[in-house]
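# need coordinates for the following:
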Amino acid sequence: MARDKAKTVLLRYGFSDVVVTPEQSDDDNFRIGSSDCYFIGYEDEYSEECEEDGTYLDQRIDPNQIKMFKD
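Below is the predicted model:
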């Protein structure tokens, strides 16, 4: 039986790591700005991966191939 689709679909983006000193992080004027942003994928509100339309990824397996994975 197919699972229901995700009610809320969110987009996950990643950013490159930024390393700072403790003094920099304590400075109220210190700001981190990054243009190194990349799209990772879609997920529901519980961080479970899904497609843009809310279909969960584990539903994309061809039922005729499930026998291959049970060994």
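# let's verify residue 14: helix, strand, or coil?
Secondary structure assignment for residue 14 (DSSP: H, G, I helix; E, B strand; the rest coil): strand.
# relative to residue 26, how far out is it?
Going from residue 14 to residue 26 by C-beta to C-beta, to the nearest Å gives 26 Å. Every residue, glycine included, has its C-beta placed from N, CA and C.
# doesn't residue 18 lie inside a helix?
No - counting by three-state DSSP, residue 18 is not part of a helix but coil.
# now do the SS call for the nearest residue to it once chain neighbours are set aside.
Closest residue to residue 18 apart from its sequence neighbours, by C-beta to C-beta, 6 or more residues apart in numbering: residue 32 at 5.2 Å. Under the three-state scheme (three-state DSSP), residue 32 adopts coil.
# am I right that residue 32 is in contact with residue 17?
No - counting by C-beta atoms under 8 Å, residue 32 stays clear of residue 17, with 10.4 Å between them.
# local confidence estimate at residue 29?
Looking at residue 29, its pLDDT reads 82.
# enumerate every residue touching it.
Shown in contact with residue 29 (C-beta atoms under 8 Å, 6 or more residues apart in numbering): no residues.
# let's see stretch 5-18 as CSV, backbone CA atoms only.
Provided in CSV are the C-alpha atoms of stretch 5-18 (Å, rounded to 0.1, in the frame of the first residue of the first chain):
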residue,chain,number,x,y,z
LYS,A,5,2.2,12.2,0.5
ALA,A,6,3.9,14.7,2.7
LYS,A,7,1.5,17.4,3.9
THR,A,8,4.3,20.0,4.0
VAL,A,9,7.2,20.0,1.5
LEU,A,10,10.3,21.9,2.5
LEU,A,11,13.5,22.6,0.5
ARG,A,12,16.8,21.8,2.1
TYR,A,13,19.8,24.0,1.2
GLY,A,14,23.4,23.5,2.3
PHE,A,15,26.1,26.0,2.9
SER,A,16,29.8,25.8,3.1
ASP,A,17,31.3,25.7,6.6
VAL,A,18,32.6,28.9,8.2
